[in-house]
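**Student:** Need the 3D shape of this:
(2 chains)
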Amino acid sequence: DQQVKQNSPSLSVQEGRISILNCDYTNSMFDYFLWYKKYPAEGPTFLISISSIKDKNEDGRFTVFLNKSAKHLSLHIVPSQPGDSAVYFCAASRAGANNLFFGTGTRLTVIP
Amino acid sequence: GAGVSQTPSNKVTEKGKYVELRCDPISGHTALYWYRQSLGQGPEFLIYFQGTGAADDSGLPNDRFFAVRPEGSVSTLKIQRTERGDSAVYLCASSSQGVYGYTFGSGTRLTVV
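**Tutor:** Okay, here's the model as predicted:
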């Protein structure tokens, strides 16, 4: 039972344009959401997070939006750069829990 | 060390053999986690240690899997009677802030032939 879903396995974007990566979840108990970035042969690295009490969090070129009623979040990268090419994982956790539930990932390719 | 270290980086073993995967967390991180990432999937939780004890082992798939952290630092994930379905990347993470501060290692790619 996949509680966190990323329905787009891949996305290609031109350098300088906006990248939008989407994530849906089914468990209404999730209250904290994270995005991780993963390069080949490396572990996932934390990118940005958002608490369920917010609907937007911004950090430089990266913004995460949360729509609790739709159980949907998205990661916006603008402007996209070739170094952003990686696999992006959405993850979620429940209050008080110590483990994360991950989506299956979206491979982003930024074309120079 | 500066980051989470996992050894070996790659392991090929024959079906039915026993393997041990090692994780050396960031110094001072009391929380340690093991995840498994199968091909085409996201990481899936296996077990969480707080100090020396396994605080949550609900993600271990069956009793062939076991993990220890005897001194509250290095952890070893042990898999008995390996099966081809155990082939995956095994990721270790440590944290000083629970889910708010995971640092992952580069993983061990296990291939069971």
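**Student:** where do the strands sit along chain B?
**Tutor:** Applying DSSP state E to chain B gives strands spanning B:5-7, B:10-13, B:19-24, B:31-37, B:44-50, B:53-56, B:65-68, B:75-79, B:88-95, B:103-104, B:108-112.
**Student:** hmm, which helix or strand of chain B has the shakiest average pLDDT?
**Tutor:** Sorting the helices and strands of chain B by mean pLDDT, DSSP states H and E puts strand B:53-56 at the bottom, at a mean of 92.
**Student:** sorry, back to before: by mean pLDDT, show me the worst of the strands of chain B.
**Tutor:** For the strands of chain B, the weakest mean pLDDT is recorded on strand B:53-56, namely a mean of 92.
**Student:** which residues are there in chain A that come within reach of chain B?
**Tutor:** By the rule Cβ under 8 Å from any Cβ of the partner chain, the part of chain A lying against chain B is A:4, A:6, A:32, A:34, A:36, A:41-46, A:49, A:89, A:91, A:93, A:97-105. For every residue, glycine as well, the C-beta is placed using N, CA and C.
**Student:** how about the least confident helix or strand of chain B, does it reach chain A?
**Tutor:** Yes - counting by Cβ under 8 Å from any Cβ, chain A has neighbours in strand B:53-56: B:55-56.
**Student:** Distance from the chain centre to that strand, please.
**Tutor:** Strand B:53-56 sits 13 Å away from the centroid of its parent chain (Cα atoms, centre = their mean, to the nearest Å).
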